[in-house]
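Q: Sharing a model that was predicted from the sequence below.
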Amino acid sequence: MSEQVLPAVAAPPKRRVAIPPGVALAMLWLLAMVTIAVLADVIRPYGITAMDLRSRLQPPVGFGGGWLHPLGTDELGRDVFSRLIESIRMSLMIAFGATIIAAVFGTTMGFLAAHFRGWVEQAVLMLIDFQASMPFLILALSVLAFFGNSLPLFICLMGLYGWERHARISRGLAIAANAQGYAAAVRQLGAKPLRIYLKHVLPNIASTLIVAATLSFPEVVLLESGLSFLGLGVQPPMTSLGNMVGYGREYITRAPWIMLSPCVVIILTTLSVSILGDWLRDRLDPTLT
Amino acid sequence: MLRFVALRVGRALLTIALVVTFAFVVLRLSGDPALMIMSPDAPPEALAAFRQAWGLDEPIWLQYLKYFTAILQGELGQSFRDGRPAIQLVAERIPATLQLTLPALALKVGLGIPAGIYAALHRNSAIDRAVMTFAVAGFTVPSFVLGLLLVLVFAVQLGWLPSGGQESWRSVILPVISMGLGGAGILARFTRSAMLEVLGQPYIRTASAKGVPWHQVVRLHALPNAAIPTVTIVGFMVGTLMAGAVVVESVFSWPGVGRLMVVAVSNRDLAVVQCILLLVSATMVTSNLIVDLLYGVLDPRLRGTAPAGGGH
Amino acid sequence: MSLLSLEGVSRVYATRRGLFGKPVPVRAVDHVSFSVVPGRTLGIVGESGCGKSTTGRVALGIERPSEGRVTFEGATMPMPGTPEWRRMRARLQLVHQDPLGAMDRRLTVAAQVAEPLEIHGIGDKAERTDRVAALLRDVGLRADLAARHPHELSGGQRQRAVLARALATDPALLVADEPVSALDVSIQAQVINMLTDLQEARGIAMLFISHDLKVVRQVSHEVAVMYLGRIVEQGDPEAIFADPLHPYSRALVSAIPVPGPRRIERIVLSGDPPNPADRPSGCAFHPRCPLAVSACRAEVPELKAAADGRQVACHLVEAA
């Protein structure tokens, strides 16, 4: 057989990644939040329902309180710091769960629409339009009214937020992939459709989907906090960030710290994810606005 | 042109029909509608009458039809807390909500769009950076947090403004700011990027190179083209306004439709929930329709049908 | 015994003129019949838009013929997408113009060459690795290139990789649709030689589709010239190139760049290139044919056997 006569083509060198300071801070914060969420039971000084009636409404350290309760206590003497830790875990867990559900559901629907075309695609597009045309909060409230509230139901409901974004993206990219190139070539090799989507299309569009997920993650956090604040989300005795704000609201005059610490955490967390998402988007897929 | 309008209106009606269907399906899935719409301790005769009126013993497609016609006739059930028709309850709260949402929309548009345009025209200046920071705050600080912080500062600490209720003109200020400021930030950012994209287009450079004064280039070429995507976002904001109303009215104990929704959901007062859901969707659909039609007016490319001969 | 045979195959697309026009049928392929025999190559030549790529796709079974029949190894070609069709892919494969587009940029060359083996369940992991190495050797790719990604290879290397993948399941038929058109001329010669060597070694039948006459001449044992969806001349390549009978073949052959003084006078066709949506009546070539007579406008010429065993579709050529 003929020998290879062409000169070898060197593989392109890998580029080093430069991370701007803002993004680095955002990553640190998020890492801290995730660590807190994972290690909540270990680092929490008190139980979230442990009441210390002698230390009710203690201000945080530096404002008159002591290190026993570094972020103060609420009206029942419960340690704000511990409740905050637990709330972070709850809110993050719900947000992660919901984002993953939305991504999986949305991507599957998008693939189904791209693969089958025809009326399946029209049905999916109509669902997407329907979802995009209503403010999700109102839809969520209606479902909560009709079905009542339990944590699994709530997470699934949050999981319906933003699926249409993933569906739109995956449908568009799958159609493009099918029309030309590798997907058609692999189909021509005799591969079953499932193999084509899972092994070829999905890895190639994964980066775009991840960026879309970083866009919906903070929005889910805000949505969940809003609903919990209204008393319609996470129910006591479980606590979440919005929940805490809701409780703290009644003591806004006497003990504003109950409300302030979860507010700050909400703001910083959504800010961090947004900064991270923007940066990821710039690096991975500048075409996604 | 007529075809364009007819198509859009048709799609709008279809969406409303979808929402009604959604309500119907969810209602059926969640249990016995009679027990839900009326209260659990309504007398058996009332329940039986309701079932008959709503045809709950009939085949499902017939029920759907009856449900649909009932909705069209405005028969949305009664609040079981109140005994009054749901429509009435909702209708009397609409003015209060409008007192907040309309100024908030004005704030979003009046502050956001000019800020975005200014930022785009003075790119990378201090103002631009300020606008962008303000915009980021817009979508990371939820409206209820903003509202509570404002209450903390202005009502609790400074005592200048009331913290809730609907007593005086001063009561409107904090709720409107809470609702509008975040959206103003988002709109500013969006307008800025729309303007930047338009300003980067070759025809802008051409106009400027032809000697047209810059402010005219902006006024006649850049702004109208940037208006198109901006109009869509403003239309979309009508939807977020209602979501915002729900939360802000609860923060400030404002007696509007939003607050009613929250109370109804906690009490599972389904007639009221259903009514508000349909009201919101009708509003959204109408605003989307207006945006679509405005789109057709603003963007001449969308107005005509495809020319003969296979052109695109 | 023919491996692949097309009998009276047509492929008609329905398109619309503009958004609201009447549907207009476009005959991309019109009553084409030919056979491909094991170990031999049939070349299909013609200008862009003559339907040769569509013919290739119908031959492979990627598209269904609107009329006629496609038979492979004695059985009718199954519908695309069905399990039988998928299984059959191990027996016939396609190589086409754009090797970069045909490969997944995220996977290594080795993974992609091995993919058909995985899909059709051939061999275990160790056997597959060996087989991939053997295939890469056969197409002349160095072993260290196997771990590279497609965009890290040159055009010629990519096409060889695609070829290796196509040969992985040891197919009986290879359809090559403009396989070297995107390559530099010097690389073209190498790839062509490799194809002919592989054919000899493995006894593969080939359907070689190209607009480049020089290349087709080198590879083919039989050539078919297509114009606007029909075969206008078919036969031995040397005979056709030395003495083309159909007026269109004459024009094509005369246009081949030759060093030194020309043997055949260059024929420049008049008129516009053909539009498949708007076929001329009778012989599709008659508006541009320098020899057209009234019969050419009226009647569609059929392929008839000419003197030396060729088939020609022209009213003016004497039948044998």
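A: In hand now; what should we look at?
Q: check which helix or strand covers C:Val12.
A: In this structure, C:Val12 is located in strand C:4-16 according to DSSP states H and E.
Q: Partner strands of the very next helix or strand once past that strand, with direction?
A: Next along the chain after strand C:4-16, taking DSSP H and E as the criterion, comes strand C:23-36. With DSSP bridges as the test, strand C:23-36 is paired with strand C:4-16 (antiparallel).
Q: in the partner strand, what counts as buried?
A: Residues C:4-6, C:9-11, C:13 are the ones in strand C:4-16 that count as buried (16 or more other Cβ atoms under 10 Å in any protein chain shown). No exception for glycine: its C-beta is placed from N, CA and C like everyone else's.
Q: Excluding covalently adjacent residues, which one is nearest to C:Glu67?
A: In this structure, C:Glu67 finds its nearest non-sequential neighbour in C:Ser10, 4.0 Å apart by Cβ to Cβ, 6 or more residues apart in numbering or on different chains.
Q: Now for A:Leu157: which residues touch it?
A: Contacts here follow Cβ atoms under 8 Å, 6 or more residues apart in numbering or on different chains; on that basis A:Leu157 touches A:140, A:143-144.
Q: which residue ranges form the helices in the stretch 1-150 of chain A?
A: Secondary structure of the stretch 1-150 of chain A (DSSP state H, counting those that start in this stretch): helices located at A:21-38, A:40-43, A:80-116, A:118-133, A:136-147.
Q: tally of neighbours for residue 198?
A: I went with chain A, as the question did not name one. Residues contacting A:Leu198 under the criterion other Cβ atoms under 10 Å in any protein chain shown number 12.
Q: my bad, the chain I had in mind was chain C
A: 18.
Q: Let me see the confidence value for it.
A: As predicted, C:Leu198 sits at a pLDDT of 88.
Q: swap in the one 5 residues further on?
A: On the pLDDT scale, C:Gly203 is placed at 89.
Q: Tell me who's in contact with the spatially closest residue to it that is not a sequence neighbour.
A: In space, C:Gly203 comes closest to C:Gly39 once its chain neighbours are excluded; the distance is 4.5 Å by Cβ to Cβ, 6+ apart. By Cβ under 8 Å, 6+ apart, the contact set of C:Gly39 is C:199, C:203-205.
Q: which residues does B:Ala194 contact?
A: B:116, B:226, B:229-230.
Q: Mind putting those residues into TSV with secondary structure, neighbour count and distance to A:Ser87?
A: TSV is the format used below for the contacts of B:Ala194 (DSSP: H, G, I helix; E, B strand; the rest coil; neighbours: other Cβ atoms under 10 Å in any protein chain shown; distance: Cβ to Cβ, whole Å):
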residue	secondary structure	neighbour count	distance to A:Ser87
B:Gly116	helix	29	35
B:Ala226	helix	25	42
B:Pro229	helix	19	38
B:Thr230	helix	21	38
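Q: Just put these in a markdown table and tack on distance to chain C and pLDDT.
A: Listed next are the contacts of B:Ala194 as a markdown table, based on distance: Cβ to the nearest Cβ, whole Å; pLDDT from 0 to 100:
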| residue | distance to chain C | pLDDT |
| --- | --- | --- |
| B:Gly116 | 36 | 86 |
| B:Ala226 | 29 | 79 |
| B:Pro229 | 25 | 78 |
| B:Thr230 | 29 | 79 |
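Q: need those residues in TSV with distance to C:Ala307, can you?
A: Shown next, in TSV, are the contacts of B:Ala194 (distance: Cβ to Cβ, whole Å):
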residue	distance to C:Ala307
B:Gly116	80
B:Ala226	73
B:Pro229	70
B:Thr230	75
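Q: Within reach of chain A, which of these are there?
A: Restricting the contacts of B:Ala194 to those near chain A by Cβ under 8 Å from any Cβ of the partner chain leaves nothing, as none qualifies.
Q: State the distance from the residue of the stretch 51-200 of chain A found nearest chain C to C:Pro78.
A: Of all residues in the stretch 51-200 of chain A, the one sitting closest to chain C is A:Gly190 (3.2 Å; Cβ to the nearest Cβ). Distance, A:Gly190 to C:Pro78, by Cβ to Cβ, to the nearest Å: 12 Å.
Q: Now for these two: what residues contact both?
A: C:Met88.
Q: So the two - more neighbours on which side?
A: More crowded of A:Gly190 and C:Pro78, by other Cβ under 10 Å: A:Gly190, with 21 against 17.
Q: Near the closest residue in space to that one that isn't next to it in sequence, how many residues? Count them for me, please.
A: Excluding the flanking residues, the one nearest A:Gly190 by Cβ to Cβ, 6+ apart is C:Arg89, at 3.2 Å. By other Cβ under 10 Å, the residues close to C:Arg89 number 21.
Q: and what of A:Val143?
A: 22.
Q: wait, C:His120 sits on A:Lys192?
A: No - using Cβ atoms under 8 Å, C:His120 is not in contact with A:Lys192, being 11.2 Å away.
Q: which ones are touching A:Ala179?
A: Contacts of A:Ala179 by Cβ under 8 Å, 6+ apart: none found.
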